[in-house]
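Asker: Pasting the sequence and the predicted coordinates here, then a few questions.
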Amino acid sequence: MIAKLCSFSEMPAEALPASTALPSHYELGARLGAGGYGEVYEAWDNKLQRSVAIKRIERAAHAAAHADPLHEARMAASLHHPSFVTVYAIEEDASGASIVMELVQGRTIGQLAQKSRIARATALDWIGQIAAAMQDAHAAGLVHGDLKPSNLMVEPSGKVRILDFGLASRCDQLATGAVESTGPVGTIAYMAPERLLGHRADALCDIYAVGVLLYELLARTRPHSHLSGLALAAAHMQSSSASWHYPETIDAPLVALIRDMTAQQPAQRLPGMAQVVQRLAGIAPLDAPHPPPSPRRRWQGPAAVLLALVLAGGIWRLGTESAARAPVHPAAPAPVDSPALAMQRGLAALKHFDRPGSLEAAERHFSALLAGDGGHAAAAAGMALVQTLRYRGDTQDEVWLRKADASAQQAMKLNDQLALAHIARGWVLASQRQHERAGQAFERALQLDPADFFAWYGKAQLLRHAGRDAQAFETLRLAQARFPRERVFFDELGSLLYERGDHAGAEQAFRRSIAVQPDAVAGYANLNAALLRQGRADEALRVLQQGLQVRPSATLYANLGNALFLRGDYVGAAAAFEHAVSPVRGAPGEYLNWANLADTLLWIPGREAEARQAYGEARRLLAPILQRAPHDATLVSRMGLYAARSGDRDAGMQLAARATELAPDSADVQFRAGLVRELLGERELALESIASARRLGYPAAFIDAEPDLLALRRDLRYRHP
């Protein structure tokens, strides 16, 4: 729940009291901080393989305060807004209780504001997130009562998380002193005047606290920051926010909003968070919002190729991963301040489209430009990129690719001297597997704009998928020199090394990707695959859990299923793959996910019919992709395997033979060919293919984990080739 409210160096790991009966599957780590009624520790849950925060609450402490923090924790657990921290469990014992919660990674608003100036747009974005979350809480009849910078965590993605719901913490010593030790728990600087007089916290008190926070972020100081303790309390009760000093940088609409949120009399404040959200929506951000400052500049670009490589191998796709999958509807045009600003914001959203809502935001900006000027070539190109990413994402729906093609053609027709138009055309052609023409488009774009990120990324990815490894390595070297803090090029380098069998090198590249952008799930999925290929299964599982803590992802669920399959946990693997094909959490248009689910269902009694249906869905989704790339050995070998699993002997044998002709030196292709031949009763051919796969570096652990090769592994010719 609290990741780094206080420095670990100041909070060494400490043992819980001897009377604490914490279940044995929790491994206690560092003490993270002190909260209301207790202390917070980092821990590892061995049972569920995830990091957690454990808040220890001693019964005597909350009894003396006449409070029931367990009731508050249960109420907090009922909140479903993503800004609130998830409560996993409450473990009670004789001396108190331990609340097991989500471990939030990031830094508090207090820490960020102390380190550097917070941009106006960023401040408005944070306050908007807080207000929207608290609107949900208030609608449920809950109030926080202690909103302040040290209780608001900003994740690397820019999402604000609200900590300590109803349980006050005391890490900010400058302004966290209660009026008296027996007085109301809370922070004086953010407490409404009526609370200082002993009134219970209510929704209007939360509105007041958020208003003070908004003032602090914009003015870079707290109201009455030179005072503390009783003097600070007196100043709050005896003055109003109308007398606060407002720098010239805070424009009139914001001054009015702050005053309306922090009026001394509760009846004069805005009546609810809904009104706060509405007022914020009407205030232009002026400067573009950006993620919080960090020691490293995080990359904000497209998600790289995600590798779900254990059971069925990898595929070229740019997956848009999100916490929830909703049907995609045309985005309503956004208000446009100026064409240049709208285009800038659209491209900025496009660059971090792997974050939930970013593609929709980009589409709104481009749609608004096209609605105002149908001849806006750059907006048409931007729309083509959005549509290509939708195609490469969850659905693999051919309609999106056709729309992208039309948009790219429109952009080229409107302005064939525009680099972005050639980039859009290149992305479409690459998705159509027309490598030569796509390469020409990217080269032309780089002639027009040698510093365009999307052109470099498209070219590097294209060369890798076209099998031009030497050129791909050189392009990545140049791109990394030009964009040293862009994680996508580390993902591409890792993918290239992985495909060449250099799993240790791939591991290092993927670790650098995570270091550059720790909130992107691609790095975790890719690192998991590289670790599995090196036989480090436990470490690979932990990496998956770290990724799932960032956000749910179809690829992470698929890789989790692969890892559980290798351990023989077929029921667990099936559950993970079902998440991977779920419209809510996964990518139902990704054929690999259906194939992996089908592979697993075959080994669960009574689910054979479901397995055949899943193989049918995998073949249906793969067919148009294979039609565009008939010489892709990986795709051919997969289609052959799915045909064999479905009982189509002729197609299975023909496709397996074709795949090995196309790529005789591919360990993965040889393994799939061997599996196809074993499934179809061709033991001699199967032994030859599996022996070739082993010789080419296919992991023995993966062969040993494949249930369909059980009889083959018992064959003396396999054990003693």
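Answerer: Looks like it came in fine. Predicted model only: the values in this text are computed from it and were never measured. Numbering: from 1, shown residues only.
Asker: Of all residues in this protein, which one is nearest the centre?
Answerer: In the chain, the residue lying closest to the centroid (C-alpha atoms, centre = their mean) is residue 551, at 4.3 Å.
Asker: And that one, how far from residue 521?
Answerer: Going from residue 551 to residue 521 by C-beta to C-beta, to the nearest Å gives 6 Å. To be clear about C-beta, it is placed using only N, CA and C from the backbone, and glycine gets the same treatment.
Asker: in stretch 110-120, what's buried?
Answerer: In terms of neighbour count (16 or more other C-beta atoms under 10 Å), stretch 110-120 has its buried residues at 110-113, 118-120.
Asker: same question, stretch 348-362
Answerer: So, applying 16+ other C-beta under 10 Å, buried residues of stretch 348-362: 348-356, 358-362.
Asker: residues near residue 470, how many?
Answerer: For residue 470, the count of nearby residues is 8 (other C-beta atoms under 10 Å).
Asker: residue contacts, it?
Answerer: With contact set as C-beta atoms under 8 Å, 6 or more residues apart in numbering, residue 470 has no partners.
Asker: any idea which helix or strand comes after the host helix or strand of it?
Answerer: Using DSSP states H and E, residue 470 falls within helix 469-482. For helix 469-482, the succeeding helix or strand toward the C-terminus, using DSSP H and E, is helix 487-499.
Asker: Distance from the helix or strand following that next one to the middle of the chain?
Answerer: Of the helices and strands lying after helix 487-499 in sequence (DSSP H and E), the nearest is helix 503-516. Centroid separation between helix 503-516 and its chain, computed with C-alpha atoms, centre = their mean, to the nearest Å, is 18 Å.
Asker: Mind giving me the packing neighbours of helix 503-516?
Answerer: For helix 503-516, the packing partners by 3 or more C-beta pairs under 8 Å, 6 or more residues apart in numbering; DSSP states H and E come out as helix 487-499, helix 521-533.
Asker: And it, what's buried?
Answerer: For helix 503-516, the neighbour count (16+ other C-beta under 10 Å) marks 503, 505-514, 516 as buried.
Asker: still on that earlier bit, any chance of a markdown table for the buried residues of stretch 110-120, columns pLDDT, distance to residue 695 and secondary structure?
Answerer: Formatted as a markdown table, these follow (pLDDT from 0 to 100; distance: C-beta to C-beta, whole Å; DSSP: H, G, I helix; E, B strand; the rest coil):
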| residue | pLDDT | distance to residue 695 | secondary structure |
| --- | --- | --- | --- |
| 110 | 90 | 59 | helix |
| 111 | 88 | 54 | helix |
| 112 | 89 | 54 | helix |
| 113 | 89 | 59 | helix |
| 118 | 88 | 58 | coil |
| 119 | 85 | 57 | coil |
| 120 | 87 | 62 | helix |
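Asker: Give me the neighbour count for residue 557.
Answerer: Residue 557 has 28 nearby residues by other C-beta under 10 Å.
Asker: That one is in contact with residue 577, isn't it?
Answerer: Yes. The pair residue 557 and residue 577 qualifies as a contact (C-beta atoms under 8 Å) at a distance of 7.1 Å.
Asker: Give me the common contacts of these two.
Answerer: Residues touching both residue 557 and residue 577 (C-beta under 8 Å, 6+ apart): there are none.
Asker: Could you single out the nearest of the buried residues of helix 503-516 to residue 531?
Answerer: Comparing the buried residues of helix 503-516 against residue 531 with C-beta to C-beta places residue 507 closest, at 6.5 Å.
Asker: OK, contacts around the closest residue to residue 545 other than its chain neighbours?
Answerer: Among residues not flanking residue 545 along the chain, residue 50 sits closest, at 4.5 Å (C-beta to C-beta, 6 or more residues apart in numbering). Going by C-beta under 8 Å, 6+ apart, residue 50 touches 44, 545, 548-549.
Asker: go on, residue 701?
Answerer: Contacts here follow C-beta under 8 Å, 6+ apart; on that basis residue 701 touches 535, 566.
Asker: Doesn't it lie inside a strand?
Answerer: No. In this structure, residue 701 is helix, not part of a strand, as judged by DSSP: H, G, I helix; E, B strand; the rest coil.
Asker: hang on, the earlier thing: okay, the buried residues of helix 503-516 in TSV with pLDDT next?
Answerer: Below are the buried residues of helix 503-516 laid out as TSV (pLDDT from 0 to 100):
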residue	pLDDT
503	89
505	90
506	91
507	92
508	91
509	91
510	92
511	92
512	89
513	89
514	87
516	82
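Asker: Turn those into a markdown table, columns for distance to residue 630.
Answerer: Shown next, in a markdown table, are the buried residues of helix 503-516 (distance: C-beta to C-beta, whole Å):
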| residue | distance to residue 630 |
| --- | --- |
| 503 | 29 |
| 505 | 31 |
| 506 | 28 |
| 507 | 33 |
| 508 | 35 |
| 509 | 31 |
| 510 | 31 |
| 511 | 36 |
| 512 | 36 |
| 513 | 32 |
| 514 | 36 |
| 516 | 37 |
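Asker: So which of those residues is the closest to residue 127?
Answerer: Using C-beta to C-beta, residue 516 comes nearest to residue 127 of those, at 28.0 Å.
Asker: quick one: the closest one and residue 350, what's the gap?
Answerer: Taking C-beta to C-beta as the measure, residue 516 and residue 350 are separated by 19 Å.
Asker: Residue 220 now?
Answerer: Taking C-beta to C-beta, one finds residue 220 at 32 Å from residue 350.
Asker: tally of neighbours for the residue lying closest to residue 134 once chain neighbours are set aside?
Answerer: Leaving aside its chain neighbours, residue 134 sits nearest to residue 273 (4.9 Å; criterion: C-beta to C-beta, 6+ apart). With neighbours defined by other C-beta under 10 Å, the count for residue 273 comes to 23.
Asker: and residue 273, what does it touch?
Answerer: By C-beta under 8 Å, 6+ apart, the residues touching residue 273 are 131-132, 134-135, 138, 203, 206-207, 210.
Asker: Sort out for me which of those residues are in strands.
Answerer: Among these, no residue falls in strands (DSSP state E).
Asker: hmm, which two among those are most spread apart?
Answerer: 132 and 203 (14.0 Å).
Asker: Map the structural domains onto the sequence of the chain.
Answerer: The record's domain parsing of the chain by automatic domain parsing lists 26-102, 107-281, 630-719.
Asker: Dump those into JSON lines; add distance to residue 459 as well.
Answerer: What follows is the domains of the chain, written out as JSON lines (distance: least, C-beta to C-beta, whole Å):
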{"stretch": "domain 26-102", "distance to residue 459": "36"}
{"stretch": "domain 107-281", "distance to residue 459": "27"}
{"stretch": "domain 630-719", "distance to residue 459": "19"}
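Asker: Can you tell me which of those domains is nearest to residue 408?
Answerer: For residue 408, the closest of the domains of the chain is domain 630-719, at 22.9 Å, according to C-beta to C-beta.
Asker: show me where the stretch 301-450 of the chain has helices.
Answerer: Using DSSP state H, counting those that start in this stretch, the helices assigned to the stretch 301-450 of the chain run over residues 339-351, 358-372, 377-390, 398-414, 419-431, 435-448.
Asker: Please identify which of those helices is closest to residue 485.
Answerer: Taking C-beta to C-beta, helix 339-351 is the member of the helices of the stretch 301-450 of the chain nearest to residue 485, at 12.7 Å.
Asker: got the angle for that closest one vs helix 487-499?
Answerer: For helix 339-351 against helix 487-499, the angle by axes from the mean of the first three to the mean of the last three C-alpha atoms, to 10 degrees is 30 degrees.
Asker: For helix 339-351, name the packing helices and strands.
Answerer: With contacts defined as 3+ C-beta pairs under 8 Å, 6+ apart, the packing partners of helix 339-351 are helix 358-372, helix 377-390.
Asker: and residue 277, which of the helices of the stretch 301-450 of the chain is closest to it?
Answerer: With distances scored as C-beta to C-beta, the stretch of those nearest to residue 277 is helix 358-372 (17.1 Å).
Asker: what bridges to residue 160?
Answerer: residue 154 (DSSP bridges).
Asker: where does it land on pLDDT?
Answerer: For residue 160, the model assigns a pLDDT of 91.
Asker: just to revisit the earlier point, and the domains of the chain: which comes nearest residue 615?
Answerer: Taking C-beta to C-beta, domain 630-719 is the member of the domains of the chain nearest to residue 615, at 4.8 Å.
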